[in-house]
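Asker: Give the three-dimensional model of this entry:
(chains A and B)
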Protein chains: 2
Amino acid sequence: MSSMLAGLRVIEGSAFVAAPSGGMHLALLGADVIRFDPIGGSIDYTRWPLAPGGASLYWTSLNKGKRSIQVDLRSEEGKDIVRGLVGAPGENGGMFLTNFPARGWLSYDELRRERQDLIMVAITGNPDGSTAVDYTVNAAVGYPSATGPVQVAEPVNHVLPAWDVICGQQAALGLVAADRHRQLHGEGQLVTLALSDVAMSTVANMGHIAEAQILGEQRQRLGNDLYGAFGRDFVTSDGDRFIVVAISAKQWTGLLAATGTTEAVAALEAELGVDFRDEGERFNHRDRLFALVEDYAKRSTMEQVATAFDANHCCWGRYSDFLGMVENDARCSTANPMFQQVHQPGVGTVLSAGSPLRFGADSETVVPPAPLLGADTDQILEELLGLSTTEIAKLHDRGVVAG
Amino acid sequence: MSSMLAGLRVIEGSAFVAAPSGGMHLALLGADVIRFDPIGGSIDYTRWPLAPGGASLYWTSLNKGKRSIQVDLRSEEGKDIVRGLVGAPGENGGMFLTNFPARGWLSYDELRRERQDLIMVAITGNPDGSTAVDYTVNAAVGYPSATGPVQVAEPVNHVLPAWDVICGQQAALGLVAADRHRQLHGEGQLVTLALSDVAMSTVANMGHIAEAQILGEQRQRLGNDLYGAFGRDFVTSDGDRFIVVAISAKQWTGLLAATGTTEAVAALEAELGVDFRDEGERFNHRDRLFALVEDYAKRSTMEQVATAFDANHCCWGRYSDFLGMVENDARCSTANPMFQQVHQPGVGTVLSAGSPLRFGADSETVVPPAPLLGADTDQILEELLGLSTTEIAKLHDRGVVAG
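Answerer: Below you'll find the predicted structure:
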């Protein structure tokens, strides 16, 4: 964990991907993130895939570096405990990140009674508060119809829940921005964030709304072709697969040199009367250009391609599946300080990632495991609510907390 | 623009998607983001798609709310200007966001001479500083082999440059976190962020590395099926398409009620000896369950499906392409305050998105256009460097700046 957000204390009430990943990024930057869960865990505590012992590889991967408290959320006493955590004193406390419905006892107005300067980041599916998840949002925003092989007629869903991940990042950014505002003005606030807004603003930022509106054009499915420049995947003589893109002038001349196609491309330019220094022309005539690189790839082993491409500063990469990445890519190993072998209780030793942000002001950082459910229940009750050992024992006895 | 980061001043030297989108999110939260570009614009200033007048819909969508200065970056005088901007005084200045190679005159050590407390966020492709782009990183991390129809043998690239977008978010978060650190400790720093680290940490956070390592399993291509629970796309009798997912118990019973399959599913549970309240069992036997919903969808119009699903609180959504979203989805219209019709110079009026974060402390926020290249050159030179009108005119005459 970095020390960047050391001192910040965030209470997290969450499920699924967006809110937990946002909280985890805050934790990896050094915030004290306390996740509360109903006794036995939230809806996705045992979500697939599972370790042989039953622990969720999904949940443990998404909740690194947090502390955990188990509370009976249906009881008034349990609600009091959550209210107490959210409102606990401390200059850098009073922060609540959630994707639970922000109404009733979890509404901003109710929780603010505990602490006037409360910062609450509330994630919803749609802006009106109704439910949506990554998969349903993704269906609505256009990408599935532009993704996948040209000959496929159906929409192609993404497997990476990109909207959830981006939403979690936004939530973390929103919370830190609101903290800055509070430091300057002493004022807390409710920050709302809808998953569909995250997706639709991204679609807008990528130019797709302008393209639809100004040009009246639908972005066509292009398979693995890069839009607007040169790029695609190719298969080598030994059956390996790579992608190469040429966006900059240097990448383009490097590709021609590496593949020995400088003259063939010049001839093609003469034949077509175009200048391939213009990336748009490379895209317009990509099928002719792809044929030249295909021919080169077919005659070359992966090793030959790698040598030639690296020597010519091409922008390229090999395809790998998940197993291949873990086994063969040095960037995904402890050779990369972002990755550490972490003992994850209930799972075993796992190659775990810290924050991709590396802060010069930090010396070494340690990648933390996820907590066992309720592992910190007693400690949190004592530390934040000032409860005595006896009081905590009584809460356990009455089933209000567990851990 | 929000007022959350008002006062923060960020100098941005960037190209492509990650760094510009990070800077734009800071601008949308109220930071003064000054983007400098070589005269005539950076490599992607005219990137496709283009408006009829030639302006890039891509570039203008990615650079909203920034100020722009054009500088000859090859000349010593031009470099002096950039150094001056980065080092300009002001409590909340001295922040530099870039994906240019952070070496030579743009290295942290060199730039820090201008300002001891400089915060610099430097984005690279790989952790060693070598080049990688979203497409080459994506090839390496496994998702293309798990995405797309089951019968497709080839990797399926994403069209959304998800790693770039997430990287931009991380950069914004890193900068604001470093600002917090500087406010507390008076200390600036270099923050580095590699695109491949962004991707690989996300793959780790989603549990794929643990799945590969602990279970030795490759995540299989599942088409549009949701992993580990119930979810897929279906076609209605009138040829429309929707996705429905059932993760929570309420979503599951709601789906059965909406599709009239409660009894059929109970019979299936008896036949198979399983309990479909377990989402893993819903996934294991999804083909049998899908058949029931398929049958329902085939007999129902989209309107009937919508009515039944909404009445039963199902988690579902219609598929739409980009044009359809812009034309028909109220969430993607000015009915949603995140979207505004913005006059974008060189393009026309475009439905543009502000930040998806809504801060209670803000009253109304205005979505800003992207600047014309160099639109703010003179103003910035005067304001940050204290240059006189005469001095600025001379810089124009010598071709050191433009605008």
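Asker: Tell me where the stretch 301-403 of chain A has helices.
Answerer: For the stretch 301-403 of chain A, the helices defined by DSSP state H, counting those that start in this stretch cover A:302-311, A:322-328, A:377-385, A:389-397.
Asker: Can you lay out those as TSV showing mean neighbour count, mean pLDDT and distance to chain B?
Answerer: Yep, even glycine has a C-beta here, placed from its N, CA and C like the rest. Formatted as TSV, the helices of the stretch 301-403 of chain A follow (neighbours: other Cβ atoms under 10 Å in any protein chain shown; pLDDT from 0 to 100; distance: least, Cβ to the nearest Cβ, whole Å):
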stretch	mean neighbour count	mean pLDDT	distance to chain B
helix A:302-311	16	98	9
helix A:322-328	19	97	4
helix A:377-385	19	98	22
helix A:389-397	13	98	27
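Asker: Of all those helices, which one is nearest residue B:147?
Answerer: Of all these, it is helix A:322-328 that lies closest to residue B:147, at 11.9 Å by Cβ to Cβ.
Asker: before we move on, the earlier item: can you put the helices of the stretch 301-403 of chain A in a markdown table and add distance to residue B:341?
Answerer: Shown next, in a markdown table, are the helices of the stretch 301-403 of chain A (distance: least, Cβ to Cβ, whole Å):
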| stretch | distance to residue B:341 |
| --- | --- |
| helix A:302-311 | 45 |
| helix A:322-328 | 43 |
| helix A:377-385 | 47 |
| helix A:389-397 | 55 |
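Asker: and of those helices, who's closest to residue A:138?
Answerer: Of all these, helix A:322-328 sits nearest to residue A:138, with 20.7 Å by Cβ to Cβ.
Asker: Which other helices and strands does the closest one contact?
Answerer: Packing partners of helix A:322-328 (3 or more Cβ pairs under 8 Å, 6 or more residues apart in numbering or on different chains; DSSP states H and E): helix B:195-205, helix B:208-214.
Asker: Need the winner for burial among those helices.
Answerer: Of all the helices and strands packed on helix A:322-328, helix B:195-205 has the most neighbours on average by mean count of other Cβ atoms under 10 Å in any protein chain shown, namely a mean of 28.
Asker: Please give the number of neighbouring residues around the residue lying closest to residue A:381 once chain neighbours are set aside.
Answerer: Ranked by Cβ to Cβ, 6 or more residues apart in numbering or on different chains and with sequence neighbours excluded, the top spatial neighbour of residue A:381 is residue A:387, at 4.6 Å. The tally of other residues near residue A:387 (other Cβ atoms under 10 Å in any protein chain shown) stands at 19.
Asker: Just the endpoints, please. Distance across stretch A:134-150?
Answerer: End-to-end distance for stretch A:134-150: 24 Å, by Cα to Cα, to the nearest Å.
Asker: mind listing what's buried in that stretch?
Answerer: By neighbour count with 16 or more other Cβ atoms under 10 Å in any protein chain shown, stretch A:134-150 contains the buried residues A:134-149.
Asker: And stretch A:212-226, by the same measure?
Answerer: A:212-214, A:218-219, A:221-222, A:224-226.
Asker: near chain B too, which of those?
Answerer: A:212-214, A:218-219, A:222, A:224, A:226 (Cβ under 8 Å from any Cβ of the partner chain).
Asker: Could you export the helices and strands packed on helix A:322-328 as JSON lines, including distance to residue A:153 and mean pLDDT?
Answerer: Listed next are these as JSON lines, based on distance: least, Cβ to Cβ, whole Å; pLDDT from 0 to 100:
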{"stretch": "helix B:195-205", "distance to residue A:153": "30", "mean pLDDT": "98"}
{"stretch": "helix B:208-214", "distance to residue A:153": "29", "mean pLDDT": "97"}
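Asker: so can I have CSV of those helices showing distance to chain A?
Answerer: As requested, those are exported to CSV (distance: least, Cβ to the nearest Cβ, whole Å):
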stretch, distance to chain A
helix B:195-205, 4
helix B:208-214, 4
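Asker: Quick check: residue A:111 vs residue A:42, distance?
Answerer: The gap separating residue A:111 from residue A:42 is 19 Å, by Cβ to Cβ, to the nearest Å.
Asker: for residue A:77, that is, sorry about that
Answerer: Remark: distance between residue A:77 and residue A:42 (Cβ to Cβ) = 19 Å.
Asker: Those two: which has the busier surroundings?
Answerer: The neighbour comparison of residue A:77 against residue A:42 (other Cβ under 10 Å) goes to residue A:42, with 20 against 13.
Asker: hang on, isn't the more buried one packed against residue A:19?
Answerer: No - look at residue A:42 against residue A:19 with Cβ atoms under 8 Å: they stay out of range, at 10.6 Å.
Asker: who touches residue A:288 in this structure?
Answerer: Contacts for residue A:288 (Cβ atoms under 8 Å, 6 or more residues apart in numbering or on different chains) come out as A:268, A:272.
Asker: in chain A, what spans have low per-residue confidence?
Answerer: Of all residues in chain A, none has pLDDT under 70.
Asker: could you point out the longest helix in it?
Answerer: For chain A, the helix with the greatest residue count under DSSP state H is helix A:162-185.
Asker: angle of that one against helix A:195-205?
Answerer: Per axes from the mean of the first three to the mean of the last three Cα atoms, to 10 degrees, the angle that helix A:162-185 makes with helix A:195-205 is 100 degrees.
Asker: So which of the helices and strands packed on helix A:322-328 is nearest residue A:208?
Answerer: For those, proximity to residue A:208 was assessed by Cβ to Cβ; helix B:195-205 is nearest, at 21.4 Å.
Asker: where's that closest one relative to the chain centroid, distance-wise?
Answerer: With Cα atoms, centre = their mean, to the nearest Å as the basis, helix B:195-205 stands 15 Å off its chain's centre.
Asker: Mind checking the helices of the stretch 301-403 of chain A for the one nearest to residue A:191?
Answerer: helix A:377-385 (22.2 Å).
Asker: hmm, who's touching stretch A:267-283?
Answerer: Applying Cβ under 8 Å, 6+ apart, the contact partners of stretch A:267-283 are A:226-230, A:246-247, A:249, A:252, A:265, A:284-285, A:288-289, A:292, B:47-48.
Asker: The buried residues of stretch A:134-150 also near chain B: which ones?
Answerer: Of the buried residues of stretch A:134-150, the ones that also sit near chain B (Cβ under 8 Å from any Cβ) are A:135-137, A:139-149.
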